[in-house]
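> The following comprises the amino acid sequence and a computationally predicted model.
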Amino acid sequence: MDNAIIGFNRHANLVERYRVAVLRYRGLKSAYETGVKEREEWREARLAAATRRTLLRAMICDYVHRLRDEGVGPERVLIAVKGRMVLAVTKTAPAAPDMEADALMHDASDWVISAYYEAA
């Protein structure tokens with residue numbers, strides 16, 4: 001009789017451990033699947049940002065080339081581009097994060113300088 005009780009208790013403990021393991025597995029699986037969705041959304045956002053950045057660089061370079069071809073000096077070109085950028089991408093624009101706006105302004109300045117001195 002004692003062995004039957006010990007066996008029953010052992011079985012009950014194993015059943016409870018199995019139930020807890022299944023619940024833990026389901027929770028971890030759900031968290032993983034949520035993470036997959038979030039990582040995919042971040043990847044898509046990063047690709048979209050890179051595409052916009054590439055297009056912006058091309059537009060800035062075209063604008064700089066036109067101003068240079070019109071005889072505008074490098075300082076005035078840089079001021080003109082920065083003036084337009086302030087209206088669109090600085091911290092004052094509601095959709096622009098602070099750090100990214102500052103980095104974009106810095107990169108735009110570099111693009112202006114390199115585009116101005118490119119061979120025509």
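Yes, it's here.
> Helix or strand next in line after the lengthiest helix in the chain, which one?
Of all the segments assigned as helix in the chain under DSSP state H, the longest by residue count is helix 2-69. Past helix 2-69, further along toward the C-terminus, the next helix or strand under DSSP states H and E is helix 74-89.
> what packs against the next helix or strand after that following helix?
Helices and strands here follow DSSP H and E; after helix 74-89, the next one along the chain is helix 98-116. Helix 98-116 makes packing contacts with helix 2-69, helix 74-89 when contacts are defined by 3 or more Cβ pairs under 8 Å, 6 or more residues apart in numbering; DSSP states H and E. Just so you know, the C-beta spots here come from the backbone N, C-alpha and C atoms, and that holds for glycine as well.
> Could you export these to a markdown table, including columns for mean pLDDT, distance to residue 116 and mean neighbour count?
Written out in a markdown table, the entries for the helices and strands packed on helix 98-116 read as follows (pLDDT from 0 to 100; distance: least, Cβ to Cβ, whole Å; neighbours: other Cβ atoms under 10 Å):
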| stretch | mean pLDDT | distance to residue 116 | mean neighbour count |
| --- | --- | --- | --- |
| helix 2-69 | 90 | 5 | 11 |
| helix 74-89 | 88 | 5 | 14 |
